[in-house]
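Colleague: coordinates only, no sequence provided:
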Ligand code: AFP
């Protein structure tokens, strides 16, 4: 089944149009990766150097979303202020997750959260979420509150439409993989101790350095991904609005749980657009156990 047909039957009309616009734009982004790898001298609002592909993908997705006439605003990890428009859905996005992986040809991705209220808003206000993987395949994984579904881009003549790959994806019961970001020496001690215990339970360490890629294998194999609290930076690295909450929403729809170490990621009310949070996400039992270790220490 093609993406637009599936969305027509399974998603609210406005969200279906937004997902369809993102699908088309994602192919433009993917096609452009080899041509956009030079560094620009600009920095993004968090002070990181932006690469041409970051700026390009940001602009492609902002145009695609605002031209639907359905979004009130688009906030992006790459923009200091949201782009205003005239619809009702607020979109928060990380247009290019894992850009430091471009040169090495590891997976990269894009993350989108569709919020019912003005940003910054808590994950509880999400109407749906979607992520794109540009890896061995270009896939769209999304939920609009009724399960997690996946489509894959396949070449058909001059275009690359998305075909159904899987419906109602669920985390497998037996967890197999784990991936933790940052340096071990900088993690809080409860995270380091938990990480140490995982191999003994039969899990394998699999880490590529792109949240979307690392989470995607947790969804397929079961397990846990984390960018944890650091001893010197208790709020971690990943952005609540652009990264943590949309992925937590999808993960919850797949039967998992996502925590900031004290409670559900979806309950965080970010004070600012770029607020960060520690993130522990994946199989429910593992994440609850780590949350308990952290919050009772
Ligand atoms: P880049 O977009 O700068 O490559 O960062 C990717 C990211 O935000 C997220 O996708 C990863 O999970 C995390 O950083 C990896 O960080 P470490 O390199 O510190 O493990």
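Modeller: Great, that's in hand. Everything numeric in this text was worked out from a predicted model, so none of it was measured.
Colleague: CA only for contacts and neighbour counts going forward, please
Modeller: Fine.
Colleague: looking at the protein, which helix is longest?
Modeller: Longest helix in the chain by number of residues (criterion: DSSP state H): helix 13-32.
Colleague: pull out the buried positions in it.
Modeller: For helix 13-32, a neighbour-count test (16 or more other C-alpha atoms under 10 Å) marks 14-27, 29-30 as buried.
Colleague: and these, which is closest to residue 88?
Modeller: residue 14 (9.2 Å; C-alpha to C-alpha).
Colleague: so which bits of the stretch 151-297 of the chain are right by the ligand?
Modeller: Contact residues, the stretch 151-297 of the chain versus the ligand (C-alpha under 6 Å from any ligand atom): 181-182, 209-211, 238.
Colleague: let's see that with 5 Å instead.
Modeller: 181-182, 209-211 (C-alpha under 5 Å from any ligand atom).
Colleague: how about the contacts made by residue 23?
Modeller: By C-alpha atoms under 8 Å, 6 or more residues apart in numbering, residue 23 lies in contact with 140, 162.
Colleague: also residue 260?
Modeller: Taking C-alpha under 8 Å, 6+ apart as the test, what residue 260 contacts is 277-280, 291.
Colleague: quick check: the farthest pair among these?
Modeller: Using C-alpha to C-alpha, these reach their maximum pairwise distance at 277 and 291, which is 13.6 Å.
Colleague: these two - which one has more neighbours?
Modeller: Remark: of residue 277 and residue 291, residue 277 carries more neighbours, 27 against 21, as counted by other C-alpha atoms under 10 Å.
Colleague: wait, what's in contact with the nearest residue to the more buried one once chain neighbours are set aside?
Modeller: Nearest residue to residue 277 in three dimensions, chain neighbours excluded: residue 235, at 4.6 Å (C-alpha to C-alpha, 6 or more residues apart in numbering). When contacts are counted by C-alpha under 8 Å, 6+ apart, residue 235 touches 229, 276-278.
Colleague: the closest residue in space to residue 203 that isn't next to it in sequence: neighbour count?
Modeller: In space, and not counting its chain neighbours, residue 203 is closest to residue 176: 4.6 Å by C-alpha to C-alpha, 6+ apart. By other C-alpha under 10 Å, 22 other residues sit near residue 176.
Colleague: if we can go back for a sec, now restrict the contacts of residue 235 to buried residues only.
Modeller: 229, 276-278.
Colleague: among the residues you listed, name the ones in strands.
Modeller: Judged by DSSP state E, strands contain the following of these: 276-277.
Colleague: ok, which pair from the buried ones among the contacts of residue 235 is furthest apart?
Modeller: Maximum pairwise distance among the buried ones among the contacts of residue 235 (C-alpha to C-alpha): 10.1 Å, between 229 and 276.
Colleague: between the two, which contacts overlap?
Modeller: Counting by C-alpha under 8 Å, 6+ apart, the contacts common to residue 229 and residue 276 are 235-236.
Colleague: distance check, residue 218 against the ligand.
Modeller: Using C-alpha to the nearest ligand atom, to the nearest Å, we find residue 218 at a distance of 13 Å from the ligand.
Colleague: gap between that residue and residue 226?
Modeller: 11 Å (C-alpha to C-alpha, to the nearest Å).
Colleague: go on, residue 99?
Modeller: Counting by C-alpha to C-alpha, the gap from residue 99 to residue 226 is 18 Å.
Colleague: please, which helix or strand holds the spatially most central residue of the chain?
Modeller: Closest to where the C-alpha atoms of the chain average out (C-alpha atoms, centre = their mean) is residue 111, at 4.1 Å. Assigned by DSSP states H and E, residue 111 belongs to strand 108-115.
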